[in-house]
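*Asks:* After the sequence you'll find the predicted model.
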Amino acid sequence: MADRRGGAREGAGRKRGTANRLTREIAERAMQEGITPLEVMLNAMRESYEAHDYEEATKYACMAAPYIHPRLSAITAQHDHRAELVVIDEFGDNLLE
């Protein structure tokens, strides 16, 4: 049996999407300067909206939305309710009896 010390292992290492040192430095420098990609998108959206160019403003809003509004996660609803269908005609008679 092979020794399991080397090689790729599930769950090992830095997680995907985690910023490395250089990426963090660039992001921090951009935030200190006050010019982040999000700020650029929001400013362009506001300018387009004020110019009544709603189509262009919508494009910028769609690009910026994931940074501001979290996605809703899907959930599974579990219920054990039973429904009863009752059909009543216009004269008040129950048609299913």
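*Replies:* Sure thing, it's come through.
*Asks:* what residue ranges in this structure score low on pLDDT?
*Replies:* For the chain, applying pLDDT under 70 flags the ranges 1-6, 17-19, 85, 88, 91-97.
*Asks:* Report the central residue of it.
*Replies:* Arg71 (2.6 Å; C-alpha atoms, centre = their mean).
*Asks:* So it belongs to a strand, correct?
*Replies:* No: counting by DSSP: H, G, I helix; E, B strand; the rest coil, Arg71 falls outside a strand, being coil.
*Asks:* And the helices in this protein?
*Replies:* 21-33, 37-50, 54-68 (DSSP state H).
*Asks:* Going by neighbour count, which residues in stretch 60-69 are buried?
*Replies:* Across stretch 60-69, burial judged by 16 or more other C-beta atoms under 10 Å covers 60-61, 63-64. Where C-beta positions appear, they are placed from N, C-alpha and C, glycine not excepted.
*Asks:* Quickly check the residues you listed for the two that are furthest apart.
*Replies:* Ala61 and Met63 (7.3 Å; C-beta to C-beta).
*Asks:* Which among the helices of the chain is found nearest to His81?
*Replies:* The nearest among those, by C-beta to C-beta, is helix 54-68 at 35.2 Å.
*Asks:* what's the burial count for Pro37?
*Replies:* 12 (other C-beta atoms under 10 Å).
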